[in-house]
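Q: sharing a sequence plus its predicted fold:
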Amino acid sequence: MLLPPGTTRADVVARERAHVWPPYTASERHEGVDPLVVVGAEGPWLHDADGRRVFDGNASWWTCTLGHGHPRLRAALHRQAEQLMHVAAGGITHAPVALLAEELAAVAPGDLSRAHFSDDGSTAVEVAVKAAFQYWQQNGRPRRTRFVTLSGAYHGDTLGAASLASISEFHRVFAPILFEVIRPPALGEAGGWERVFEQVFAALDERPDEIAGVIVEPLVQGAAGMQMYDAELLRELRARTEAIDTFLIADEVFTGYGRTGAMWACELAGVVPDLLCTAKGFTAGVLPMAATLATPRVYDGFRGAADRALMHGHTFCGNPLGAAIAREVLAIYRDEAVLENVARMAPRVAEAFERLSAVPGVGRVRTCGLVGAADLGDGGYGGRTGWRVFEAALERGLFLRPLGDCVYITPALNLTDDELTFLLDALDASVRSVMG
């Protein structure tokens, strides 16, 4: 785990500052804050250029569900690279993508039996929204052009996905070029999740002929600060969308692949959506790939003349390397009982955050599967207390990237007992050191 020959840590930082445009980072902060320079990773551990081992408490933006460098994923990547690395999807297919689609249908909720492949979560959402919109345009209900989202929604950063968002810090500058959606007031203004959903239900009742679909992050909203709502609300939403015969779109980019305890968060509510978006854990962080799953009804709405085809594609749609990795991820989940491991560890996470709730200055805590979050102070997304915990945790060998004053953990799902103990102990000590 070394830097390239003739390259020092200082060289890497200087060149990164001079030429890289990083995400979600102001220019001055990028040029003035010393980053973690990673030279290798194994399991839940990152290895930096200073020789330190740092625990990846967020699974690299919620993605490395099997940790880093899983030997079976390395081997699968090597095997596929030896045979076929890339072909276009137009008029061409290959075994990895055909088998992956079949295996996805087998683990998907209900009858989500068709998969449209793309490259990341934002694009998976774009596909779902375009499919829902186009379906109604060519199947007798052209007035259905509106989408409904929840307070605190985040569905990605491409323009279509950004239009669905309700987090102004991410997308307010782009407001003039985003399409209009129906959304309830912010959670605090609405008076709680029940009131938020009541206003969503009211919108469905008032405009049943205008709603092309409702999109939600099932049970847990990640970027909003790990906001969680009750499964009964999701069940009621499914019933309301069925009552007016419109589509429910489940954005499981974050919540899917075991993060909440089930393979899909929808399953915790006993809900089957019409469209489901998956990414992140889909390839466990090895390659950028995503999928939008659809029911036969949605797929069949695109039969007929050529101009009825779903007009969306991607250069790397169904890429053989990504498909081979995604298949191996599913096999590892089966063979290594990953979901069972989440069920075993989840109570320990819940207990750890309950203990944190007694620390002065710590506000609301909440957990779901291997998601744990605590609010510190009242600074929200722009708060700085969470970043003080970030610094305290890094001193203890734990990487935690907060959401402002929300400190959270979303670790790999295949941790050992000792690894989970390290994570929870370091988190506890870091929060207590900052909160006094």
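A: Received, thanks.
Q: for the stretch 151-300 of the chain, just list every one of the helices.
A: 159-163, 168-171, 187-190, 193-206, 231-243, 265-268, 296-300 (DSSP state H, counting those that start in this stretch).
Q: just the ones you listed: most buried one?
A: Among those, helix 265-268 has the highest mean neighbour count (mean count of other Cβ atoms under 10 Å), at a mean of 24. Any C-beta I mention is one placed from the backbone N, CA and C, and that applies to glycine too.
Q: grab the nearest non-local neighbour of Glu419.
A: Using Cβ to Cβ, 6 or more residues apart in numbering and skipping the chain neighbours, the partner closest in space to Glu419 is Pro44 (5.6 Å).
Q: wait, that neighbour touches Leu415, no?
A: Yes: if you go by Cβ atoms under 8 Å, Pro44 and Leu415 touch, sitting 6.1 Å apart.
Q: so what sits against both of those two?
A: Gly67, Leu423 (Cβ atoms under 8 Å, 6 or more residues apart in numbering).
Q: circling back to that earlier point, which one, of the helices of the stretch 151-300 of the chain, ends up nearest to Gln137?
A: Among those, helix 296-300 comes nearest to Gln137, with 13.3 Å by Cβ to Cβ.
Q: what's the average pLDDT for that closest one?
A: Per-residue pLDDT values over helix 296-300 give a mean of 98.
Q: packing partners of that helix?
A: With contacts defined as 3 or more Cβ pairs under 8 Å, 6 or more residues apart in numbering; DSSP states H and E, the packing partners of helix 296-300 are strand 114-118, helix 121-137.
Q: before we move on, back to that, compare Pro44 and Leu415 (neighbour count), which wins?
A: Neighbour count, other Cβ atoms under 10 Å: between Pro44 and Leu415, Pro44 has more, with 24 against 20.
Q: can you give me the distance of that one to Ala262?
A: Computed as Cβ to Cβ, to the nearest Å, the Pro44 to Ala262 distance reads 22 Å.
Q: list the contacts of the residue nearest the centre of the chain.
A: Nearest residue to the geometric centre of the chain (Cα atoms, centre = their mean): Phe254, 2.3 Å. By Cβ under 8 Å, 6+ apart, the contact set of Phe254 is Trp62, Gly121, Glu217, Val220, Gly222, Lys280.
Q: mind checking how far it is from Thr65?
A: From Phe254 to Thr65 the distance is 11 Å (Cβ to Cβ).
Q: mutual contacts of those two, please.
A: With Cβ under 8 Å, 6+ apart, Phe254 and Thr65 have common neighbours Lys280.
Q: and what about Gly372, helix, strand or coil?
A: strand (DSSP: H, G, I helix; E, B strand; the rest coil).
Q: re the thing from before, nearest to Arg327, out of the helices and strands packed on helix 296-300?
A: Closest among the helices and strands packed on helix 296-300, using Cβ to Cβ: strand 114-118, at 12.2 Å.
Q: let me see the mean pLDDT of the closest one.
A: 98.
Q: helix 121-137 and that one, what's the angle between them?
A: Relative orientation of strand 114-118 and helix 121-137, computed by axes from the mean of the first three to the mean of the last three Cα atoms, to 10 degrees: 130 degrees.
Q: outside of strand 114-118, which residues touch it?
A: For strand 114-118, the external contacting residues (Cβ under 8 Å, 6+ apart) are 89, 97, 100-101, 104-105, 124, 126-127, 131, 289-296, 298-299, 310, 312, 314, 316-319, 322-323.
Q: again, only using 7 Å
A: 97, 101, 104, 124, 127, 289-294, 299, 314, 317-318 (Cβ atoms under 7 Å, 6 or more residues apart in numbering).
Q: which intervals of this structure have sub-threshold pLDDT?
A: Residues of the chain that meet the criterion pLDDT under 70 lie in 1, 379.
Q: break it down into its domains, please.
A: 36-69+338-435, 71-335 (automatic domain parsing).
Q: how about TSV for those, with distance to Ala18 added?
A: Putting the domains of the chain into TSV (distance: least, Cβ to Cβ, whole Å) gives the following:
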stretch	distance to Ala18
domain 36-69+338-435	15
domain 71-335	24
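Q: and those: which comes nearest Pro5?
A: domain 36-69+338-435 (13.0 Å).
Q: how far does that closest one stretch from one end to the other?
A: End-to-end distance for domain 36-69+338-435, by Cα to Cα, to the nearest Å: 24 Å.
Q: before I go, just wanted to say thanks for your time.
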